[in-house]
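Trainee: Fold the following and give me the result.
(one chain, ligands or ions: 3)
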Amino acid sequence: MTAERKPTKERPKPLLRVDGLSKTYSKRVGLLARQEIHHAVWGVSFDIPAGRTVALVGESGCGKSTLGRLLVRLIEPTYGRIFVSGRDVTSMNDAEFRPYRRRLQIVFQDPETSLNPRLTVRSIVSEGAVAFGLASGSALEDLLVAELSAVGLSADALDKYPDQFSGGQRQRIALARAMILKPEFVVCDEIVSALDASVQAQILNLLLDRQESTNVSYLLITHDLAVAEQVSRTLLVMFAGRIVEMGRTAEIAENPRHPYTQELFLASPKLGAEPPKLSSTKLQALAVASSGCAFRLRCPMAEPGVCDGEAPTLRSISAESSQRVACFKAT
Ligand SMILES: Nc1ncnc2c1ncn2[C@@H]1O[C@H](COP(=O)(O)OP(=O)(O)OP(=O)(O)O)[C@@H](O)[C@H]1O
Ligand code: SF4
Ligand SMILES: [Mg+2]
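Mentor: Ligands and ions are numbered 1, 2, ... in the order given. You can find the predicted model right below:
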């Protein structure tokens, strides 16, 4: 597998722009069922140019899937805006947004639950194409065969059911269902996580091939930094609902600046580094500070009086670096 295949010097216009996106949930806690606001995603801003792949990494529960669902409007933001080709899609009503439902797609990790076991592959893959009136009759049949072939499946698959396929094949079917709609942007939420390495590589190559032929953009959600490094040009690192570091993937991999990103890269066995020895403070693994920097209860660099006041916001590291870091002390 190769790195993203189309590096260009000029930065293309953003296909997708996200500005201050937030999603909060209220939950009842304690014996008195006190209501507490939980910021699943908080103040997230970034953009994704056409034809590019941005990877989103972070530990379980940090808000990755919530962000992915927000981007395709499966759920509505509490605050913030999403622009597609410069148009604010967050303020659109259902009728105005309908064409964007086709243009913005999401593929989930688990085809077991996302593919209806009672439907044939033909019904599953053609559903959206029929709903959006993309094709019918023999043109639809040709389209189905072409889409299956593009994901490496033969026409025989059309009359079979999802449980007649392996995990990797089911993920191809899920991809075909999204790609038949000719989307401009696809959220891929941990779509290769459950697959073994060789099948992972095949699926990632399919994504890259499709990007080369259609200029589709991806937000690739993954907990695997090696996958992020292989396919993305830009990396977003999320902790407790916020982006804590962003920039060129290669630059961050070479020199992660945020203490949390450093922890992630050290803990990534695939990069060949020794796993870090966790201090007892770090073993409170899921602890998140509710004031100041959310990472401070786990941070080896935390400093009283510096990190416990305001929450740090993203800032550029230097004019030469693409990296932006939400940390008072990162250099
Ligand atoms: N519908 C909901 N109601 C209440 N809380 C929610 C809801 N959806 C998500 N959350 C909470 O928001 C936080 C972020 O969840 P999310 O699923 O986005 O995390 P994630 O980074 O995708 O995790 P994973 O890597 O395990 O998939 C979690 O604390 C989760 O419990
Ligand atoms: S702001 Fe302070 S606590 Fe937060 S990551 Fe930076 S050094 Fe650590
Ligand atoms: Mg998730």
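Trainee: just checking, what packs against the helix or strand of the chain with the lowest mean pLDDT?
Mentor: The weakest-scoring helix or strand in the chain, judged by mean pLDDT, DSSP states H and E, is helix 111-114 (a mean of 75). Judged by 3 or more C-beta pairs under 8 Å, 6 or more residues apart in numbering; DSSP states H and E, the packing partners of helix 111-114 are helix 167-179. Bear in mind the C-beta positions are built from the backbone N, C-alpha and C, glycine included.
Trainee: quick one: average confidence on the helix it packs on?
Mentor: Mean per-residue pLDDT for helix 167-179: 94.
Trainee: how about low-confidence regions in the protein?
Mentor: Scanning the chain for pLDDT under 70 picks out the ranges 1-12, 111, 269-286.
Trainee: So which residues of it form helices?
Mentor: All helices of the chain, identified by DSSP state H, fall at 64-71, 94-103, 111-114, 121-131, 137-150, 167-179, 197-214, 225-231, 249-254, 259-267.
Trainee: Would you mind putting those helices into JSON lines with mean neighbour count alongside?
Mentor: What follows is the helices of the chain, written out as JSON lines (neighbours: other C-beta atoms under 10 Å):
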{"stretch": "helix 64-71", "mean neighbour count": "24"}
{"stretch": "helix 94-103", "mean neighbour count": "14"}
{"stretch": "helix 111-114", "mean neighbour count": "16"}
{"stretch": "helix 121-131", "mean neighbour count": "19"}
{"stretch": "helix 137-150", "mean neighbour count": "15"}
{"stretch": "helix 167-179", "mean neighbour count": "22"}
{"stretch": "helix 197-214", "mean neighbour count": "16"}
{"stretch": "helix 225-231", "mean neighbour count": "22"}
{"stretch": "helix 249-254", "mean neighbour count": "19"}
{"stretch": "helix 259-267", "mean neighbour count": "21"}
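Trainee: looking at those helices, which is closest to Val57?
Mentor: helix 225-231 (5.5 Å; C-beta to C-beta).
Trainee: Does Met92 touch Arg101 like I think?
Mentor: No: contact between Met92 and Arg101 fails when scored by C-beta atoms under 8 Å: they sit 10.5 Å apart.
Trainee: OK, contacts around the residue lying closest to Leu143 once chain neighbours are set aside?
Mentor: Distances taken as C-beta to C-beta, 6 or more residues apart in numbering place Ala135 nearest to Leu143, at 4.9 Å, with adjacent residues excluded. Contacts here follow C-beta atoms under 8 Å, 6 or more residues apart in numbering; on that basis Ala135 touches Ala129, Asp142, Leu143.
Trainee: Ala135 and Ala197, how far apart?
Mentor: Distance of Ala135 to Ala197, computed by C-beta to C-beta, to the nearest Å: 36 Å.
Trainee: Over to Ser60?
Mentor: 21 Å.
Trainee: just Cys293 next, same as before
Mentor: Between Cys293 and Ala197 the computed distance is 36 Å (C-beta to C-beta).
Trainee: tally of neighbours for Thr24?
Mentor: By the criterion of other C-beta atoms under 10 Å, Thr24 has 14 neighbours.
Trainee: What's opposite it in the beta bridge?
Mentor: In this structure, Thr24 bridges to His39 when assessed by DSSP bridges.
Trainee: Contacts only, for it.
Mentor: So Thr24 contacts Ile37, His38, His39, Ala40, Trp42, Thr78 (C-beta under 8 Å, 6+ apart).
Trainee: Hmm, Gly51 and Gln211 touching each other?
Mentor: Yes: counting by C-beta under 8 Å, Gln211 does reach Gly51; the two are 6.2 Å apart.
Trainee: What residue in the stretch 151-300 of the chain comes nearest to ligand 1?
Mentor: Proximity of the stretch 151-300 of the chain to ligand 1 (C-beta to the nearest ligand atom) peaks at His223, 6.0 Å away.
Trainee: isn't that residue right next to Val192, touching?
Mentor: No: His223 sits out of contact with Val192 when judged by C-beta under 8 Å, with a separation of 10.7 Å.
Trainee: Close to ligand 2: what parts of the stretch 201-331 of the chain are there?
Mentor: Pro259, Cys293, Phe295, Arg296, Cys299, Met301, Ala302, Cys307, Pro312, Cys327, Phe328, Lys329 (C-beta under 6 Å from any ligand atom).
Trainee: State the distance from the residue nearest the centre of the chain to ligand 2.
Mentor: Of all residues in the chain, the one closest to the mean position by C-alpha atoms, centre = their mean is Ile221, 3.1 Å from it. Taking C-beta to the nearest ligand atom, to the nearest Å as the measure, Ile221 falls 22 Å from ligand 2.
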